[in-house]
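A.B. asks: structure for the following, please:
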Amino acid sequence: MRPFAVIVAAGRGPLPRRYRSAALVVCADGGVARAHRAVWTPHVVVGDWDSLDPSLVQWLASGGVEQIRYPVDKDKTDSELAVDVVAQRGFGLAYLLGGLGARVDHGFANLLLTHYAAGLGVDLRLVAGRTLVQLVRGRVELDARPGDWVSLFSLRPESRGITTGGLRFPLVDGTLLLGSTLGVSNEVAGPRPWVEVEDGEVLVIRVRRRG
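C.D. replies: Numbers count the residues shown, from 1 in each chain. Next up is the predicted model:
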């Protein structure tokens, strides 16, 4: 796997061990508590410190963690600021861990961050439990296995030339419209599934079945 960065957000659940090999770990404010519980020291913390207990600030200082602090009244979320750090440091692939929680507004904003990150040259993928979300422009092989659910959503008024491989209900040079449910709840039917988009951009949501 090519070098990648990880952004730890303040969502729920444990931090998957498979991402411990990240070359850059950025905590978005409240994500520090999750990293501390996982005994995973970040390289950088960014945010407004509104979610940080003083003991966590001390932990960061003792570990020599770089801290980039912003005022509480700011124009970007902590997660977006973390994406900026990832882009500025030259990473083309990043995983946002825990960006889909109880707050629908924050979750929706983080889904749209995949589009924002792509504009900065970063392939941002959201990981929350068994769910992985990524933006597709061009052709992308999916991190999915037979039986997983896969849903496709256009982020443009119209995305065209959509072709899929390895899915139960294939698309060949298909079109998805913004707001359409046509691409919801497909299923991986074969190894190495993929999605290709010739014109537009598609949000792909993979939900892994247990087992």
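
A.B. asks: show me what counts as buried in the strand ranked longest in the chain.
C.D. replies: The strand of greatest length in the chain, counted in residues with DSSP state E as the criterion, is given as strand 194-207. By neighbour count on 16 or more other C-beta atoms under 10 Å, the buried set for strand 194-207 is V195, E196, V197, G200, E201, V202, L203, V204, I205, R206. Any C-beta I mention is one placed from the backbone N, CA and C, and that applies to glycine too.

A.B. asks: can you pull the contacts of the residue most central in space within the chain?
C.D. replies: With the centre of the chain defined as its mean C-alpha position, the nearest residue by C-alpha atoms, centre = their mean is L126, 2.0 Å away. L126 makes contacts with Y95, L96, G99, L100, N110, L111, L113, T114, L132, V133, Q134, as judged by C-beta atoms under 8 Å, 6 or more residues apart in numbering.

A.B. asks: just the buried members of those residues?
C.D. replies: Looks like the contacts of L126 have Y95, L96, G99, L100, N110, L111, L113, T114, L132, V133, Q134 buried, using 16+ other C-beta under 10 Å.

A.B. asks: just the helices in the chain please.
C.D. replies: Across the chain, reading from the start of the chain, the helices by DSSP state H fall at 31-37, 54-62, 78-88, 104-119.

A.B. asks: who touches the second one?
C.D. replies: Residues external to helix 54-62 that are found in contact with it (C-beta under 8 Å, 6+ apart): V32, A33, H36, P42, V45, W49, Q67.

A.B. asks: count the residues that sit near D123.
C.D. replies: 19 (other C-beta atoms under 10 Å).

A.B. asks: what's the per-residue pLDDT of the residue lying closest to R209 once chain neighbours are set aside here?
C.D. replies: In this structure, R209 finds its nearest non-sequential neighbour in G147, 4.8 Å apart by C-beta to C-beta, 6 or more residues apart in numbering. The predicted local confidence for G147 comes out at a pLDDT of 96.

A.B. asks: against G98, how distant is G147?
C.D. replies: Taken as C-beta to C-beta, to the nearest Å, the spacing of G147 relative to G98 amounts to 25 Å.

A.B. asks: most distant residue from the middle of the chain?
C.D. replies: S62 (29.0 Å).

A.B. asks: report how many residues lie close to V104.
C.D. replies: V104 has 9 neighbouring residues, counting by other C-beta under 10 Å.

A.B. asks: hang on, I meant D105
C.D. replies: 8.
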